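Peer 1: sharing a model prediction with you, sequence too.
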Amino acid sequence: MMESVCWFTVSEAMQGFDAYICHPLFGSEMMRGHFVLNRNALHFNSAGEPFVLPLDATLVEIGDDPDWITLGDRRQPELKFFITRLILEDDRFIQAQPIRGQLEASLGRREWLRRIKVTVVFLVGFGVLAWTLSFVLGWGVRVAVRGISVKREIGFGAEAFAKIEKRMGLLDDPNALKQLTAVAAPLLPAVPSRGIPLQFYISPGLPNAFALPGGRIVVTAGLLNLLDQPEELLGVLAHESAHIAQRHAFQHMIAGRGPMYLLEILTGGQDKALNLMAFPAELLIYESFSQRYEREADAYGWDYLVAAKINPHGMIDALNKLKHFETEMRGTNQSSAFASHPDLDQRLRWLEAKWTTMRDKDHFISCTNAMPKVAGENNARNPFLKILSGGKF
């Protein structure tokens with residue numbers, strides 16, 4: 001049947017309302033009449049037969065139109081009346097029990113939906129704002145870090161290293177250091193060093209590795225004794241060299257000072273970026289990098305390995321061995337090796353996905369250099385390295 005299109009007006013007398021009635025039998029025609037509200041019914045008078053719409057048979061439909069509502073008849077669903085929202089100001093109508101219940105339900109649902117929409121819009125807006133601020137702050141931090149010269153970076157790293165070198169209790173084992181440097185040699189050409197030579201050190205302690213600005217990478221005797229294959233050690237070194245190449249320590253320090261500190265740098269206070277030695281050198285080791293920095297170090301380190309034609313699965317193998325080591329430590333009631341480190345399982349899943357999608361898994365160089373081992377230092381405890389009981393890599 002042809003769908004009816006109805007327009008209507010309201011009389012000046014508030015006791016009655018001019019309106020149109022629509023019914024499929026009328027086709028596209030519209031029958032104009034006059035609504036009068038009496039005690040328990042709406043009386044529709046027109047040129048034809050009068051029609052009584054009892055209030056207990058009236059269906060109220062409130063749509064999105066700001067001016068009009070629709071009335072229906074429970075007895076004849078195809079019959080529709082249209083009337084102005086002004087009828088909602090008539091107490092006799094809205095206080096009638098059959099009408100009041102419908103209005104409360106309908107307006108309640110509309111209010112609930114409105115609040116849901118407002119909440120969704122707020123959450124989406126907040127999410128966009130948070131993402132924008134995160135992006136802007138991340139960009140600003142990277143810009144600020146680029147203002148630090150290589151010379152200043154090397155000097156800062158040397159000064160920070162001098163503050164903690166003695167307390168770390170570095171091992172004087174020329175043979176192990178020579179072997180460590182030999183294992184790292186195939187990786188070094190692929191690392192964007194910016195003229196900063198990478199230097200390697202060995203400290204006592206449980207499995208762990210960390211990097212300092214200025215090209216210094218420290219691995220523990222426990223880590224060297226845990227790993228068996230050069231590719232595993234190279235996976236660790238690639239991750240730590242990425243922290244240095246991407247200057248994560250400086251990004252971390254500047255971001256930790258807050259937006260106002262960053263704003264001062266970006267508006268011309270470059271000396272602020274250089275005045276970082278007030279940052280305790282120990283915190284460069286004690287504080288964990290955020291998940292973003294760790295993910296970046298994994299990603300860049302992986303790329304360095306691939307560029308050097310070194311099997312990057314060694315990074316996965318090293319993390320799996322550290323995970324197994326952590327499980328054993330928990331079983332002995334020792335402190336967790338990864339207590340301050342981002343989710344290891346999440347990193348492993350991400351790296352496994354990279355390996356799965358990698359096309360060429362065969363054309364890697366053969367790493368045959370002997371793995372450095374340090375006798376008698378695997379379980380050595382250094383008070384300075386207490387927080388570093390493992391898992392910084």
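Peer 2: Yep, it's here.
Peer 1: what about residue 234, distance to residue 366?
Peer 2: Here the distance between residue 234 and residue 366 works out to 12 Å (Cβ to Cβ, to the nearest Å). C-beta: built from backbone N, CA, C; applies to glycine.
Peer 1: and for residue 67?
Peer 2: With distances defined as Cβ to Cβ, the gap from residue 67 to residue 366 amounts to 82 Å.
Peer 1: again with residue 242
Peer 2: Relative to residue 366, residue 242 is positioned 24 Å away (criterion: Cβ to Cβ).
Peer 1: higher neighbour count, the two?
Peer 2: Residue environment comparison for residue 242 versus residue 366 gives the larger neighbour count to residue 242, 24 against 7, counting by other Cβ atoms under 10 Å.
Peer 1: could you measure from the more buried one over to residue 69?
Peer 2: Distance, residue 242 to residue 69, by Cβ to Cβ: 65 Å.
Peer 1: sec struct for residue 197, please.
Peer 2: Secondary structure of residue 197, reduced to three states by DSSP: H, G, I helix; E, B strand; the rest coil: coil.
Peer 1: can you count the residues close to the spatially closest residue to it that is not a sequence neighbour?
Peer 2: With Cβ to Cβ, 6 or more residues apart in numbering as the measure, residue 215 is the residue that lies nearest to residue 197, at 5.5 Å, once sequence neighbours are left out. Counted with other Cβ under 10 Å, the neighbours of residue 215 add up to 23.
Peer 1: for residue 215, what are its contacts?
Peer 2: Contacts here follow Cβ atoms under 8 Å, 6 or more residues apart in numbering; on that basis residue 215 touches 154, 157, 193, 196, 197, 198, 199, 244.
Peer 1: top of those residues by neighbour count?
Peer 2: residue 244 (25 neighbours).
Peer 1: which strands and helices sit next to the helix or strand containing residue 253?
Peer 2: Assigned by DSSP states H and E, residue 253 belongs to helix 248-257. Helix 248-257 is packed against helix 97-146, helix 259-266, helix 291-307, with contacts defined by 3 or more Cβ pairs under 8 Å, 6 or more residues apart in numbering; DSSP states H and E.
Peer 1: those: lowest mean pLDDT?
Peer 2: Ranked by mean pLDDT, the helices and strands packed on helix 248-257 bottom out at helix 259-266, which scores a mean of 59.
Peer 1: show me where this protein has its helices.
Peer 2: All helices of the chain, identified by DSSP state H, fall at 91-94, 97-146, 150-168, 174-184, 221-226, 230-245, 248-257, 259-266, 270-274, 283-286, 291-307, 313-331, 344-357.
Peer 1: average pLDDT for the third one, rounded please.
Peer 2: Read that as helix 150-168. 83.
Peer 1: taking their axis directions, that helix and helix 230-245 sit at what angle?
Peer 2: Orientation note: helix 150-168 sits at an angle of 120 degrees relative to helix 230-245 (axes from the mean of the first three to the mean of the last three Cα atoms, to 10 degrees).
Peer 1: mind listing what's buried in helix 150-168?
Peer 2: Applying a neighbour-count criterion of 16 or more other Cβ atoms under 10 Å, one finds 152, 153, 154, 156, 157, 160, 161, 164, 168 buried in helix 150-168.
Peer 1: residue 199 and residue 217 touch, don't they?
Peer 2: Yes: with the criterion set as Cβ atoms under 8 Å, residue 199 and residue 217 qualify as a contacting pair; they are 7.1 Å apart.
Peer 1: nearest residue to residue 60 in space, please, no chain neighbours.
Peer 2: residue 102 (4.6 Å).
Peer 1: burial count for that neighbour?
Peer 2: Other residues within reach of residue 102, judged by other Cβ under 10 Å, total 17.
Peer 1: with residue 300 instead?
Peer 2: Using other Cβ under 10 Å, residue 300 is surrounded by 20 other residues.
Peer 1: repeat that for the one 5 residues further on.
Peer 2: By the measure other Cβ under 10 Å, the count of residues near residue 305 is 25.
Peer 1: what's near enough to touch it?
Peer 2: Contacts were defined as Cβ under 8 Å, 6+ apart; by that measure residue 305 touches 187, 190, 234, 235, 238, 311, 312, 314, 315.
Peer 1: now do the contacts for the second one.
Peer 2: By that I understand residue 190. Taking Cβ under 8 Å, 6+ apart as the criterion, residue 190 is in contact with 304, 305, 307, 308.
Peer 1: report the separation between the third one and residue 365.
Peer 2: As for residue 307, its distance to residue 365 is 12 Å (criterion: Cβ to Cβ).
Peer 1: cool, and the last one?
Peer 2: Using Cβ to Cβ, one obtains 8 Å as the distance from residue 308 to residue 365.
Peer 1: before we move on, what about the first one?
Peer 2: The spacing between residue 304 and residue 365, counted by Cβ to Cβ, is 14 Å.
Peer 1: follow-up on the earlier one: out of the contacts of residue 190, which are buried?
Peer 2: Here the buried ones among those, as counted with 16+ other Cβ under 10 Å, turn out to be 304, 305, 308.
Peer 1: what is the least confident helix or strand in the protein?
Peer 2: For the chain, scoring each helix and strand by mean pLDDT, DSSP states H and E identifies helix 283-286 as the least confident one, at a mean of 50.
Peer 1: in a markdown table, list the contacts of residue 190 along with distance to residue 87.
Peer 2: A markdown table is the format used below for the contacts of residue 190 (distance: Cβ to Cβ, whole Å):
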| residue | distance to residue 87 |
| --- | --- |
| 304 | 75 |
| 305 | 76 |
| 307 | 76 |
| 308 | 80 |
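Peer 1: farthest pair within those?
Peer 2: Taking Cβ to Cβ, the two most distant members of the contacts of residue 190 are 305 and 307; they sit 7.3 Å apart.
Peer 1: okay, now residue 228: neighbour count?
Peer 2: Applying the criterion other Cβ under 10 Å, we find 12 residues in the vicinity of residue 228.
Peer 1: give me the pLDDT value at it.
Peer 2: Residue 228 is assigned a pLDDT of 93 by the prediction.
Peer 1: next up, the contacts around it.
Peer 2: With contact set as Cβ under 8 Å, 6+ apart, residue 228 has these partners: residue 371.
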